[in-house]
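**Q** Structure for the following, please:
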Amino acid sequence: MRKNKFMKGVAIATIAAMSMGMLAGCGGGKDTNEDKQYKVGVVQLVQHGALDQANQGMIAGLADNGFVEGENLIVTQENAQNDQSNLQSIAQSFVADEVDIILAIATPAAQVMAANTEEIPIVGTAITSFEGAGLVESDEAPGYNVTGTNDMNPVEEQVNLLLQLVPDAKVIGTIYTAAEVNSQIQVDLLDKVAAAKGLTVEKRTIQNVNDIQQAAQSLVGVVDALWLPTDNNVASAMPNVVGITDPAGIVTITGEESMVAAGGTATYSFSYYSIGYNAGVMAAQILKGEADPATLPVQSPKAEDLTAVLNMEAIAALGVEVPQDLLDSAKKVNAAE
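**A** So this is what the prediction gives:
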């Protein structure tokens, strides 16, 4: 069962705190008459650029498909501030309110929502691996009440980008949260890619944002460049990372664009607004009764949506030589006017 898999990734105390009397909300196949007010519960794990964009995209995807806030849609927005007990309280509130659908942004948020209801449809986004997180039986046939859009990183392409900017790199450093399933999956991919290219990976795990500066400092003088996954703690504290790595002359390749805008050197990624929008479209299909989350496949970012992003301010400060073809094709942020 999903919950047996899920409990491996979520604290037992959180599961034990679940109310035994919770009532499940309604599932798919809803009456879409114009007079109905649909209740949507949106839970975002923490505030940072990528998740904010995904949130905005979800609401836009719903609106463009007939579900407009203030007209036929009542939206309850909750931010868990990266706190497990907050997630639990939010989940219980959504179930008690009998929302029609839950939109969950980031892996831990979706996991706790799924632990609290098997009836209310859940559409997630900014989740690296639905299967790895125990949320679905498979991406092709979810099997439960959860589906959505993943944010699986193009790790190999990101390492290739790193080598374009730091051709002599031999040792890559990374920082990630030990308890984040999504981060571990990405780091495992990094290990495979690095091994195939003859590179060594130096890893530093953290428990929360308070550990980031020490982790970054411990990599100075050890690594030739830094690669960071779409880790929620790391993404929310990018200035703390680059405040140490930039003065040390370390190029930082990030998992997504907003981390570059916040100080990272470069990335090769996709728009989080786009994957959020696609999740919103999926949520609209479920609300209309046109789709069932158990059979609606999880969607992945499209190859054509991927692009290189360069932080021109960081590149200038670090003295990085950018190949002309990359400079011509990349999206540029923090460029001088």
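
**Q** use CA for all of it now, contacts and neighbours both
**A** Will do.

**Q** Pull the residues that contact stretch 307-317.
**A** Contacts to stretch 307-317, defined as C-alpha atoms under 8 Å, 6 or more residues apart in numbering, come from residues 246, 257, 260-261, 263-270, 321, 326, 329-336.

**Q** Swap in 6 Å and give it another go.
**A** Outside of stretch 307-317, the residues within contact range by C-alpha atoms under 6 Å, 6 or more residues apart in numbering are 265-269, 330-335.

**Q** Pull up the distance across that stretch, start to finish.
**A** 23 Å (C-alpha to C-alpha, to the nearest Å).

**Q** Same check on stretch 192-207?
**A** End residues of stretch 192-207 are separated by 24 Å (C-alpha to C-alpha).

**Q** what's the spacing between it and its chain's center?
**A** Stretch 192-207 sits 21 Å away from the centroid of its parent chain (C-alpha atoms, centre = their mean, to the nearest Å).

**Q** likewise stretch 91-107?
**A** In terms of C-alpha atoms, centre = their mean, the centre of stretch 91-107 is found 18 Å from the chain centre.

**Q** Only the buried residues of it, if you could.
**A** 91-92, 94-95, 98-107 (16 or more other C-alpha atoms under 10 Å).

**Q** Inside strands: which ones of those residues?
**A** Among those, DSSP state E puts 101-105 in strands.

**Q** any idea which residue sits dead centre in this protein?
**A** residue 126 (3.0 Å; C-alpha atoms, centre = their mean).

**Q** check contacts around it.
**A** Neighbour list for residue 126: 105-106, 150-151 [criterion: C-alpha under 6 Å, 6+ apart].

**Q** if we go to 7 Å?
**A** By C-alpha atoms under 7 Å, 6 or more residues apart in numbering, residue 126 lies in contact with 105-106, 149-151.

**Q** and it, which of the three is it?
**A** strand (DSSP: H, G, I helix; E, B strand; the rest coil).

**Q** and it, how far is that from residue 72?
**A** Distance of residue 126 to residue 72, given as C-alpha to C-alpha: 26 Å.

**Q** repeat for residue 276
**A** 20 Å.

**Q** So which of these two has more stuff around it?
**A** Between residue 276 and residue 72, counting by other C-alpha atoms under 10 Å, residue 276 is the more crowded of the two (33 against 18).

**Q** Secondary structure of that one: a helix, I assume?
**A** Yes. Counting by three-state DSSP, residue 276 is part of a helix.

**Q** For it, which residues are in contact?
**A** 54-55, 57-58, 125.

**Q** can you redo the residues you listed as a markdown table with neighbour count?
**A** Below are the contacts of residue 276 laid out as a markdown table (neighbours: other C-alpha atoms under 10 Å):
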| residue | neighbour count |
| --- | --- |
| 54 | 27 |
| 55 | 27 |
| 57 | 23 |
| 58 | 30 |
| 125 | 32 |
